[in-house]
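Participant: structural data only, the sequence is not supplied:
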């Protein structure tokens, strides 16, 4: 039930966001050296409403990367976008640029081996970005209305080669009457006061051997007061309580699993369960509180790798990979049943989006919308 398909004007990896009758993506606009950072708005009929260019892009280094990996976010009045150039901007829903800044120009060089990945989050009237690299690392909050710095806190840890580099996106949780920003990277899971950025708690012990190259890509998932943290380049997964204070270590983990994990795709945590999709299409379902393996499965005929995070809607799991394979599976207490396996002539890095009884898939080449006529 393909409703429409739109050819995109350049390369991008960000997941689309939706607000009412508008679909927003970030993307390169143009080709090769002439491409620019861009924001594009579509309606649900597949028409382009507007596009905005924000300056020359810094193109992707990885074959599946791009200069437009971070996803946009909105509060319903303003749209906030971030790019590999470290341009951070706010737009209104008519495509007018309200303010724009460049993080490297204002806060110093950012050194990643690969392509910028973290997306911004909105909290307490601010837009917050986590910068975790081998240079100066920090959490930065800018006022949503003006782009002025509300607060900035350092987040620096001694790490081995590449391990301080993190491409994860922060999470927001409510603990009592406080909102906490949860950040994963540099071998530490940390919780910060959303109003000030002040460190409230931290977990260490994710890399007791101080191994090199343990950069983090998959973000954690949180449910039932437990954070599910993938690490060790897809080989390890741990669960830990979030309603804490002070410094914790691996001795304080609720549980830890070896041989189960994800390197890039973020897990899904809901209703006491966590679902994990590996790079090569293996799936696990674990009990959040105990780490008990409830089932494991494997997608059939897998070619390519899963950079895209899975999406769960009810008992339906949607997954796509970097060579255009798309799976829809029914999830039960005993495992999965594959309902459809479709092959596209495209590459998927963005996650499937389900909204208003429609499915959006953002590929390297096209944006697709599926649903009932």
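Facilitator: Nice, thanks for sending it over. Keep in mind the model is a prediction, meaning the values are calculated, not measured.

Participant: quick one: the strands in the stretch 101-250 of the chain, in order.
Facilitator: 121-123, 126-131, 138-143, 149-154, 171-175, 178-185, 188-193, 199-203, 221-223, 226-231, 236-241, 246-248 (DSSP state E, counting those that start in this stretch).

Participant: so which of these is the most packed in?
Facilitator: The highest average neighbour count among the strands of the stretch 101-250 of the chain, using mean count of other Cβ atoms under 10 Å, belongs to strand 226-231 at a mean of 25. From N, CA and C alone the C-beta is placed, and that goes for glycine too.

Participant: please state the offset of that one from the chain centre?
Facilitator: 14 Å (Cα atoms, centre = their mean, to the nearest Å).

Participant: let me see the contact set for the residue lying closest to residue 202 once chain neighbours are set aside.
Facilitator: When the adjacent residues along the chain are set aside, residue 202 lies closest to residue 190, with 4.6 Å between them (Cβ to Cβ, 6 or more residues apart in numbering). For residue 190, the residues meeting the contact criterion (Cβ atoms under 8 Å, 6 or more residues apart in numbering) are 155, 182, 183, 199, 201, 202, 203.

Participant: for residue 76, give its distance to residue 92.
Facilitator: Computed with Cβ to Cβ, to the nearest Å, the distance linking residue 76 and residue 92 is 11 Å.

Participant: ok, now residue 299?
Facilitator: Using Cβ to Cβ, we find residue 299 at a distance of 41 Å from residue 92.

Participant: next: residue 25.
Facilitator: The spacing between residue 25 and residue 92, counted by Cβ to Cβ, is 17 Å.

Participant: which one's more surrounded, those two?
Facilitator: Comparing residue 25 with residue 92 by neighbour count (other Cβ atoms under 10 Å), the higher total belongs to residue 25, at 25 against 11.

Participant: that one sits in which helix or strand?
Facilitator: Taking DSSP states H and E as the criterion, the element that holds residue 25 is strand 22-29.

Participant: what's the following helix or strand after that strand?
Facilitator: Counting by DSSP H and E, the element after strand 22-29 in chain order, helix or strand, is strand 36-42.

Participant: tell me where the stretch 1-150 of the chain has helices.
Facilitator: Using DSSP state H, counting those that start in this stretch, the helices of the stretch 1-150 of the chain run over 103-107.

Participant: which residue lies nearest the spatial centre of the protein?
Facilitator: residue 169 (5.2 Å; Cα atoms, centre = their mean).

Participant: leaving out sequence neighbours, find the closest residue to that residue.
Facilitator: Using Cβ to Cβ, 6+ apart, the nearest residue to residue 169 is residue 119, at 4.5 Å.

Participant: quick check: the one you found vs residue 168, distance?
Facilitator: Going from residue 119 to residue 168 by Cβ to Cβ gives 9 Å.

Participant: OK, contacts around residue 334?
Facilitator: So residue 334 contacts residue 295 (Cβ under 8 Å, 6+ apart).

Participant: returning to that earlier point: packing partners of the strand holding residue 25?
Facilitator: Contact analysis of strand 22-29 by 3 or more Cβ pairs under 8 Å, 6 or more residues apart in numbering; DSSP states H and E lists strand 17-19, strand 36-42, strand 48-56, strand 79-82 as its packing neighbours.

Participant: please redo it, this time with the cut-off set to 7 Å
Facilitator: Contact analysis of strand 22-29 by 3 or more Cβ pairs under 7 Å, 6 or more residues apart in numbering; DSSP states H and E lists strand 36-42, strand 48-56 as its packing neighbours.
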